[in-house]
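Peer 1: turn this into a model:
(2 chains)
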2 protein chains.
Amino acid sequence: MTVELAVRLGERSYPIYIGRGLIADSELLQKLIADRSVIIVSNEVVAPLYMGALVAHLKDRIKATILLPDGEEHKNLETLAVIFDQLVAAECDRSTLLIALGGGVVGDTAGFAAACYQRGIAFLQVPTTLLAQVDSSVGGKTAVNHPSGKNMIGAFYQPEAVIIDVDTLSSLNSRELAAGLAEVIKYGLIRDESFFAWLEDNIELLLSRDADALIYAIEHSCANKAEVVAADEREQGERALLNLGHTFGHAIETATEYSSWLHGEAVATGMLMAMSFSNRVGLLAEDRLQRAKKLIQRAGLPLAPPKHMNAEIFVKHMRHDKKVLGGTIRLILLRDIGDAFVSSDYNDERLTSELSAMLNE
Amino acid sequence: MTVELAVRLGERSYPIYIGRGLIADSELLQKLIADRSVIIVSNEVVAPLYMGALVAHLKDRIKATILLPDGEEHKNLETLAVIFDQLVAAECDRSTLLIALGGGVVGDTAGFAAACYQRGIAFLQVPTTLLAQVDSSVGGKTAVNHPSGKNMIGAFYQPEAVIIDVDTLSSLNSRELAAGLAEVIKYGLIRDESFFAWLEDNIELLLSRDADALIYAIEHSCANKAEVVAADEREQGERALLNLGHTFGHAIETATEYSSWLHGEAVATGMLMAMSFSNRVGLLAEDRLQRAKKLIQRAGLPLAPPKHMNAEIFVKHMRHDKKVLGGTIRLILLRDIGDAFVSSDYNDERLTSELSAMLNE
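Peer 2: Numbers count the residues shown, from 1 in each chain, chains lettered A, B, ... in the order given. Next up, the predicted model:
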């Protein structure tokens, strides 16, 4: 059974397909690609696993395949330049379709390349990690990193379609699966209490990679994200809620130089920090915080930041996050499970003192 | 007297101001900039002439000024990376306003940097060459070059406003002024016969830099461009007409390695080639071609391509132009002065044979 969802963005609307075996679904591929010539961008780890199936169905139409090195450290302007060189070498024109096959790094980098090449060519997202399937492949945020900050250079650029084949999750290691679940749990926390309750009942099924449970969780995650993005494509307002845990999480990733924490792990801890903060300032009841902590723990995700990170280190890195607007650090806080909001009510001093108390508890 | 025009693009609509002394018009600057912090991107030649006036009015609000080296050869990914580094170093966030002060290279490069930095920050175009004032600053095309082709990497990204101060044209050398007039003449040729007739009557006034004549010519050029862009922002159809002369012109620029021909000069010759072609294939009457040739000559622009360029060289370079769609070279041809259209009716063989005959005439 293939689920189809729509991301409603007027002229830029597009479908998300979620199911099993979609990478080899020639009917679907034919419908989406028609007779266009194709460039596939993937990476050294994903390509040996899944590119064969895709290539088999498209063979005559493939102008080139571009393999990026694996890892977040290659999500930068240099890799982007390599993609441009290869698009030019393959004589890609505006009618060429780019297919991004891989995790978030491939999708973000290749998507940004598609956004810029000849001022924009069409592209399909084919995410192969849970994190990419429920988060980065949906909503049109593309980017590369700058040495001083994640996703500092990029574009809002929507794909033509997203193809989510849950069979690709069978090769994902457990730590990456858990990291993806952090973003799944996030949708429950920010706006969908009943989905959160479903996750409490089904987290073990997800960890054992039950296909139906995965399809359900991905569908509800993408549906939540699609609604938020449709309401606020360019992150002027509500879309900021999707950053729950991310401002704290980015500080953890930056302080650990993106080497030891996965993004989803940092987000999980960051969400708990945002909820602890919400609890400390009197917004969120203690039992809600404990419910979230228990689910995040069951998912195998970390509950606390690295010991060397004190409040000052957090605030310093949070100030460099690009979500800082005109000087005030904006926090995503919770009033309840399923009820997040944006707050600019806490200045650096207050933030530092509350964080300091939290970290010393 | 300041003229105000609107580029109508729904949510992305913006005004163009045309007049004298606008760079030092504190009321206008206050209205457009309000209390935002500002980054000015300019180049080594323009900054000493005009940045002082701008800086004097904005002093407290300037986070940094970024000076690019002068010249088309610096319109590339490396320069873009330097701008990103400086935006990061100045701690620019999403609320920072970027002002692009200079010619087309500055506007295209800085505009693309604004499009990408943190996925898009607001920017103002303050073009200081006639070419940039009537063409590149209006319509939201931003880009850098790739070694294999002009403007291969870029974005459609609209400025918040365009400020055209005709006093900046007093320092422009005559060759650059003439190159700008090529694009002015283009608007008459593609869609505005009465403007073309006005140009026939007033070309000497423009060459002598009469301010009122310049304001009139810039206003009518920008109004024509704004109408086309409003109808077709992303160049799916009508906007392609603005490329009259550009496909031939790009071939000249590429074949001469962007070293000896100015863009406007190549466009002027390219427009005549497109009209000669139109005449040869029976679309355009001979007297129309002669009228155009006479005006372009009076403007001091070149009438023929470099002697070493034969038909094969043209077609080879034209095939690499990014306006080639799915294999067919699209030509902008004329039925009459003021009546251009897009044609994909001529395959490489026919194009080569007609060009060969034209070049040997």
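Peer 1: gap between A:Ala179 and B:Glu286?
Peer 2: Taking CB to CB, to the nearest Å as the measure, A:Ala179 and B:Glu286 are separated by 71 Å. Quick note: C-beta positions are derived from backbone N, CA and C, even for glycine.
Peer 1: between those two, which one's more packed in?
Peer 2: More neighbours surround A:Ala179 than the other of A:Ala179 and B:Glu286, with 25 against 8 (other CB atoms under 10 Å in any protein chain shown).
Peer 1: can you tell me the closest non-neighbouring residue to that one?
Peer 2: Distances taken as CB to CB, 6 or more residues apart in numbering or on different chains place A:Gly264 nearest to A:Ala179, at 2.7 Å, with adjacent residues excluded.
Peer 1: so what's the residue count around that neighbour?
Peer 2: A:Gly264 is flanked by 30 other residues according to other CB under 10 Å.
Peer 1: you'd agree it is up against A:Glu183?
Peer 2: Yes: when contacts are counted by CB atoms under 8 Å, A:Gly264 is listed as touching A:Glu183 (6.0 Å).
Peer 1: secondary structure class for A:Ile163?
Peer 2: Secondary structure for A:Ile163, judged by DSSP: H, G, I helix; E, B strand; the rest coil, is strand.
Peer 1: how many other residues sit next to it?
Peer 2: Using other CB under 10 Å, A:Ile163 has 26 other residues around it.
Peer 1: please name the bridge partners of it.
Peer 2: Here A:Ile163 sits in beta bridges with A:Tyr17, going by DSSP bridges.
Peer 1: next up, the contacts around it.
Peer 2: Shown in contact with A:Ile163 (CB atoms under 8 Å, 6 or more residues apart in numbering or on different chains): A:17, A:22-23, A:28, A:32, A:124-126.
Peer 1: buried subset of those?
Peer 2: A:17, A:22-23, A:28, A:32, A:124-126 (16 or more other CB atoms under 10 Å in any protein chain shown).
Peer 1: what does the stretch 151-300 of chain A put close to chain B?
Peer 2: Residues of the stretch 151-300 of chain A lying near chain B by CB under 8 Å from any CB of the partner chain: A:151-156, A:234-235.
Peer 1: let's see 10 Å
Peer 2: A:151-157, A:234-236 (CB under 10 Å from any CB of the partner chain).
Peer 1: can you give me phi and psi for A:Lys141?
Peer 2: Main-chain torsions, A:Lys141, degrees, to the nearest 10: phi -80, psi 120.
Peer 1: and for it, the neighbour number?
Peer 2: Neighbours around A:Lys141, by other CB under 10 Å: 25.
Peer 1: which residue sits farthest out from the middle of chain A?
Peer 2: Within chain A, A:Asp60 marks the point farthest from the mean C-alpha position, 32.2 Å out by CA atoms, centre = their mean.
Peer 1: tell me the SS of it?
Peer 2: helix.
Peer 1: distance of it relative to B:Val38?
Peer 2: 52 Å.
Peer 1: show me what the helix ranked longest in chain A is packed up against.
Peer 2: Identified as the longest helix of chain A according to DSSP state H is helix A:211-231. Contacts defined by 3 or more CB pairs under 10 Å, 6 or more residues apart in numbering or on different chains; DSSP states H and E place helix A:211-231 against strand A:3-7, strand A:14-19, helix A:130-131, strand A:161-165, helix A:174-191, helix A:193-207.
Peer 1: mean confidence score for the last one?
Peer 2: If I follow you right, that is helix A:193-207. The average pLDDT for helix A:193-207 rounds to 98.
Peer 1: what does it contact?
Peer 2: A:130, A:169, A:174, A:177-178, A:180-181, A:184-190, A:192, A:210-214, A:216-218, A:220-221, A:223-224, A:288, A:291-292, A:294-296, A:298-300, A:336-339 (CB atoms under 10 Å, 6 or more residues apart in numbering or on different chains).
Peer 1: about what we covered before: test my guess that the residue farthest from the centre of chain A contacts A:Ser37.
Peer 2: Yes: A:Asp60 lies in contact with A:Ser37 (CB atoms under 10 Å); the separation is 9.0 Å.
Peer 1: report how many residues lie close to the residue nearest to A:Val55 when sequence neighbours are not counted.
Peer 2: Closest residue to A:Val55 apart from its sequence neighbours, by CB to CB, 6+ apart: A:Ile62 at 6.3 Å. The number of residues packed near A:Ile62 is 16, by other CB under 10 Å.
Peer 1: likewise A:Glu72?
Peer 2: Other residues near A:Glu72 come to 17 when the count uses other CB under 10 Å.
Peer 1: okay, it and B:Glu72: tell me how far apart.
Peer 2: 35 Å.
Peer 1: quick one on the thing from earlier: tell me the residues that contact both of A:Gly264 and A:Glu183, please.
Peer 2: Contact criterion CB under 10 Å, 6+ apart; residues shared by A:Gly264 and A:Glu183: A:130-131, A:134-135, A:245.
Peer 1: for stretch A:183-197, buried residues please.
Peer 2: Buried residues in stretch A:183-197 (16+ other CB under 10 Å): A:183-192, A:195-196.
Peer 1: quote the end-to-end distance of stretch A:334-347.
Peer 2: Using CA to CA, to the nearest Å, one end of stretch A:334-347 lies 18 Å from the other.
Peer 1: likewise stretch A:88-108?
Peer 2: End-to-end for stretch A:88-108, by CA to CA: 20 Å.
Peer 1: taking the mean pLDDT, what do you get for that stretch?
Peer 2: Per-residue pLDDT over stretch A:88-108 has a mean of 95.
Peer 1: tell me if that stretch is near chain B.
Peer 2: Yes: using CB under 10 Å from any CB, stretch A:88-108 reaches chain B at A:88-89, A:91-96.
Peer 1: make JSON lines out of these and add neighbour count.
Peer 2: Shown next, in JSON lines, are these (neighbours: other CB atoms under 10 Å in any protein chain shown):
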{"residue": "A:Val88", "neighbour count": "19"}
{"residue": "A:Ala89", "neighbour count": "12"}
{"residue": "A:Glu91", "neighbour count": "15"}
{"residue": "A:Cys92", "neighbour count": "22"}
{"residue": "A:Asp93", "neighbour count": "21"}
{"residue": "A:Arg94", "neighbour count": "17"}
{"residue": "A:Ser95", "neighbour count": "15"}
{"residue": "A:Thr96", "neighbour count": "23"}
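Peer 1: can you give me the helices in chain A?
Peer 2: Assigned by DSSP H, chain A shows helices spanning A:26-33, A:52-58, A:77-89, A:104-116, A:130-131, A:174-191, A:193-207, A:211-231, A:246-255, A:263-280, A:286-298, A:311-320, A:348-359.
Peer 1: as TSV, those with distance to B:Arg330 would be great.
Peer 2: Below are the helices of chain A laid out as TSV (distance: least, CB to CB, whole Å):
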stretch	distance to B:Arg330
helix A:26-33	23
helix A:52-58	26
helix A:77-89	19
helix A:104-116	22
helix A:130-131	42
helix A:174-191	44
helix A:193-207	49
helix A:211-231	34
helix A:246-255	44
helix A:263-280	43
helix A:286-298	55
helix A:311-320	46
helix A:348-359	56
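Peer 1: looking at these, which is closest to B:Val105?
Peer 2: For those, proximity to B:Val105 was assessed by CB to CB; helix A:104-116 is nearest, at 17.6 Å.
Peer 1: pull the distance from that closest one to the chain's centre.
Peer 2: When C-alpha coordinates are averaged (CA atoms, centre = their mean, to the nearest Å), helix A:104-116 and its chain have centres 13 Å apart.
Peer 1: next one: stretch A:151-160
Peer 2: 12 Å.
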